[in-house]
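K.L.:
A predicted structure for the sequence below; I have some questions about it.
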Amino acid sequence: MSPRRLRFGIKVAQMGGSFAEIRDAWLEADRLGFDTGWAHDHLLNQNDHTKSEDEGWTILTALLVETKRIRGGLMVTANTFRHPGMLAKIATTVDVVSHGRVEVGIGAGWHEDEHKQYGLPLPPLGERMRRLEEACQILKALWTETRATVEGTYYQVREAYHEPKPVHKPHPPIVIGTSGEKVGLRIVARHAQEWNMSKGTPDEFRRLSTLVDGFCREAGRDPAAVERSIQFGADALQNGAPALVQLSREFVAAGATHLIYTCPIPYSAAGARRLWHEVVTPLKG
């Protein structure tokens, strides 16, 4: 497999601004040439539970319909919020209306308060990871098989039709966000097209990425089939753009090929331009 092209993403999570502000940043990111755009999947605003928080897949659909070329997803979908059969249908619909531009970020789910407030079960971590693996199996089966049957411990689909199929072939990329060395990274190796780390150092990224390599070989997959991505938080620019460029280069040296930057707050087209001109452009040069 040939070396991957370096990709650049922008994350504009709902807790940081209004839909109008998010839209402005996404439209400018699309115009500038960012490869991917990301929202997130929460029911409560993590900064302040009393403030607004738009539903993730709904806002993602609106953003992908308004943009022209940028790919997009949620970083990451909480598997605890939706049955994977329903998630497969949602993701397929978004893929169809965006002409094949959706990327399906998914994780085990974690935010205790929103599960309590909305009456959603939050099983122990071990069970959540087992549920995540079954969800990945169901997503792939529904997306690729004429009639899908998966008899899991937690989820089942039986001779299920799933039409239309996604535009992206063989199916939309599954992006799994986890740093779990015992279970999570093994699920990445078996099912994901991309592994994402949300925070950490370049050395930690390199070490976990090496584990992914080994787990891929154990699963009979080429490690090069799994893209490696890193997120940079809203505070990443606090030491200035040159420092962020240097940190980005260290992550690239550690194996990252997809760099995802949080848009400066308040969200705006100007914030997207700042990231593009001060951070992405030097890295592309």
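P.N.:
Everything's here; your move.

K.L.:
for the residue nearest to residue 164 when sequence neighbours are not counted, grab the count of nearby residues.
P.N.:
The shortest distance from residue 164 to any non-neighbouring residue, by C-beta to C-beta, 6 or more residues apart in numbering, is to residue 96 (6.1 Å). No exception for glycine: its C-beta is placed from N, CA and C like everyone else's. Around residue 96 there are 15 other residues, counting by other C-beta atoms under 10 Å.

K.L.:
next: residue 172.
P.N.:
24.

K.L.:
same check on residue 60?
P.N.:
29.

K.L.:
roughly how far does it sit from residue 114?
P.N.:
18 Å (C-beta to C-beta, to the nearest Å).

K.L.:
returning to that earlier point: confirm the residue nearest to residue 164 sits in a helix?
P.N.:
Yes: assessed by DSSP: H, G, I helix; E, B strand; the rest coil, residue 96 belongs to a helix.

K.L.:
separation between it and residue 64?
P.N.:
Going from residue 96 to residue 64 by C-beta to C-beta gives 11 Å.

K.L.:
where does residue 283 fall, secondary structure wise?
P.N.:
Per DSSP states H and E, residue 283 falls inside helix 281-284.

K.L.:
who's in contact with residue 209?
P.N.:
Residues near residue 209 by C-beta atoms under 8 Å, 6 or more residues apart in numbering: 195, 228, 254-256.

K.L.:
first vs last residue of stretch 164-171, how far apart are they?
P.N.:
Across stretch 164-171, the terminal residues are separated by 12 Å (C-alpha to C-alpha, to the nearest Å).

K.L.:
repeat that for stretch 277-285.
P.N.:
By C-alpha to C-alpha, one end of stretch 277-285 lies 11 Å from the other end.

K.L.:
can you tell me the SS state at residue 150?
P.N.:
Using three-state DSSP, the structure places residue 150 in strand.

K.L.:
in this structure it contacts residue 141, no?
P.N.:
Yes: here residue 150 lies in contact with residue 141, judged by C-beta atoms under 8 Å, at a distance of 5.3 Å.

K.L.:
common neighbours of these two, please.
P.N.:
residue 157.

K.L.:
which residues touch stretch 249-260?
P.N.:
Residues outside stretch 249-260 that contact it (C-beta under 8 Å, 6+ apart) are 4-11, 35-36, 38, 75, 194, 196, 202-203, 205-206, 209, 227-232, 248, 283.

K.L.:
buried set for that stretch?
P.N.:
For stretch 249-260, burial by neighbour count (16 or more other C-beta atoms under 10 Å) applies to 251-252, 254-260.
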